[in-house]
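Chemist: Got a predicted structure plus its sequence, pasted below:
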Amino acid sequence: MLVGRCTTSAARHSCYDRGPMPPIWLNEHGQRAQTRPCPRPGCGGEVPIRRYRYETLRQIGWPPFRVARYVEWCGHGQELIPVTDDAEWVRLVPVIGTAT
């Protein structure tokens with residue numbers, strides 16, 4: 001058995017893929033988190049459907065029911081609204097489109 005050696009073929013390297021591997025997100029139970037496509041047209045990346053404890057968002061200064069903005073792992077900005085899910089949890093709901 002060869003350890004730490006790479007083999008090369010015409011189609012592919014065995015050590016590295018051509019593109020980056022997307023991250024894997026875990027939920028509060030240690031299971032894979034649900035994902036949805038990045039809202040930026042043409043990106044094709046997947047982003048997690050996030051859910052946090054209310055206390056965590058309070059500590060970083062995100063008040064509920066106000067638009068918050070951050071950047072996903074693919075580099076695209078995302079706007080969402082923290083909405084209380086139950087007594088302890090907050091779900092981040094994406095903002096779709098613009099108000100007129």
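Modeler: Looks like it came in fine. Residues are numbered from 1 along each chain as shown.
Chemist: where in this protein is pLDDT low?
Modeler: Along the chain, the model assigns pLDDT under 70 to residues 1-20, 97-100.
Chemist: Kindly recompute the last result at 90.
Modeler: Counting by pLDDT under 90, the ranges of the chain that qualify are 1-29, 33-54, 56-58, 60-64, 68-80, 84-89, 91-100.
Chemist: how about the helices in it?
Modeler: With DSSP state H as the criterion, the chain has helices at 54-60.
Chemist: In it, what residue spans correspond to strands?
Modeler: Applying DSSP state E to the chain gives strands spanning 35-37, 46-48, 51-53, 68-71, 77-84, 89-94.
Chemist: what helices or strands is the fifth one leaning on?
Modeler: If contacts are counted by 3 or more Cβ pairs under 8 Å, 6 or more residues apart in numbering; DSSP states H and E, strand 77-84 sits against strand 68-71, strand 89-94. Using the backbone N, CA and C atoms, a C-beta is placed for each residue, glycine as well.
Chemist: and residue 57, what does it touch?
Modeler: 63-64, 82, 90 (Cβ atoms under 8 Å, 6 or more residues apart in numbering).
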